[in-house]
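Novice: just need the structure, nothing else, for what follows:
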Amino acid sequence: MTSSNPDGVRLQKVLAQAGVASRRASEELIAQGRVSVDGETVRELGKRVDPDTAVIHVDGERLIVDDTLVYLALNKPKGVHSTMSDEEGRPCVGDYVRKRNERLFHVGRLDADTEGLLLLTNDGDLANKLMHPSFHVPKTYLAEVDGSVPRGLGKRLRNGVELEDGPVRVDEFRVKDVQAGRTLVELVLHEGRKHIVRRLLREVGHPVRKLVRTQVGGVQLGQTKPGAIRKLNRKEVGSLYKAVGS
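Specialist: This is a model prediction of the structure:
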């Protein structure tokens, strides 16, 4: 059993202040065994913790109680470069957070011609894990290609396609829409290599006309408009930690 920190804050208060539930409802969560601290389930209501150091999970999802940490989702427009500043004066991600005080990182990159979800945070540890290939964090893309795609393309992509820098496999593939001369397809893969989706589809004979990233881990682009930024909610942040095993 983890010991209580006599100088800490009561666990139910920490949960309530983090927006998990009211203090009374938080007490019920603890009593039900749905809260863990530093890897051990807690059922005692009098437990005190240091919110700055304790690793708290609710229903298996990490709870972030450090209010200095920021987690944002940007719908990156086409033509914007995935850098925090640009020596040539081109539009870049940093332009959208220039007025914020935090030193933010963009989690991975989208090439200038690709639109969609880009995560921004000052949580360097999480950002590094999300970008590291060993954690296999899935990313979802919508790609518009010319013509129609053959019936067996999904199977081919799931089996793997050899590129100049090694093989790549998609986790999921489906056709979303077919219109005159064009097809909209959805791909899920955990690769992070440069231009990987464009190179993959070009290799199988379907060059990309338009590409949008719609999801990273458990975070979806949703209704966020191009150029808009929104704050991730507690569940979304928890899902990102869960994706990297934290």
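Novice: from now on I want contacts and neighbour counts done on CA atoms only, so please keep to that.
Specialist: Will do.
Novice: and the helices in this structure?
Specialist: Taking DSSP state H as the criterion, the chain contains helices spanning 11-17, 23-31, 124-131, 153-159, 196-203, 234-243.
Novice: which residue packs closest to residue 211, ignoring adjacent ones?
Specialist: The shortest distance from residue 211 to any residue other than its chain neighbours is 4.6 Å, reached at residue 143 (C-alpha to C-alpha, 6 or more residues apart in numbering).
Novice: thought the one you found was touching residue 206?
Specialist: No. Distance between residue 143 and residue 206: 9.9 Å, which falls outside the contact criterion (C-alpha atoms under 8 Å).
Novice: neighbour count: these two, which is higher?
Specialist: residue 143 (24 against 19; other C-alpha atoms under 10 Å).
Novice: I'd like to know which of the helices of the chain is closest to residue 37.
Specialist: Between residue 37 and these, the shortest gap by C-alpha to C-alpha is with helix 11-17, which sits at 9.1 Å.
Novice: quick check: mean pLDDT across the closest one?
Specialist: Helix 11-17 carries an average pLDDT of 90.
Novice: with only the CA atoms kept, save that helix in CSV.
Specialist: Extracted C-alpha coordinates of helix 11-17, given in CSV (Å, rounded to 0.1, in the frame of the first residue of the first chain):
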residue,chain,number,x,y,z
LEU,A,11,-6.8,12.7,-3.0
GLN,A,12,-10.5,13.5,-3.5
LYS,A,13,-9.7,17.2,-3.5
VAL,A,14,-7.0,16.7,-6.1
LEU,A,15,-9.6,14.9,-8.3
ALA,A,16,-12.2,17.5,-7.8
GLN,A,17,-9.8,20.4,-8.6
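Novice: buried residues in that helix, which are they?
Specialist: Neighbour-count burial for helix 11-17 flags 11, 12, 13, 14, 15, 16 (criterion: 16 or more other C-alpha atoms under 10 Å).
Novice: now the fourth one: closest residue in space that isn't a chain neighbour?
Specialist: Right, residue 14. Leaving aside its chain neighbours, residue 14 sits nearest to residue 51 (7.0 Å; criterion: C-alpha to C-alpha, 6+ apart).
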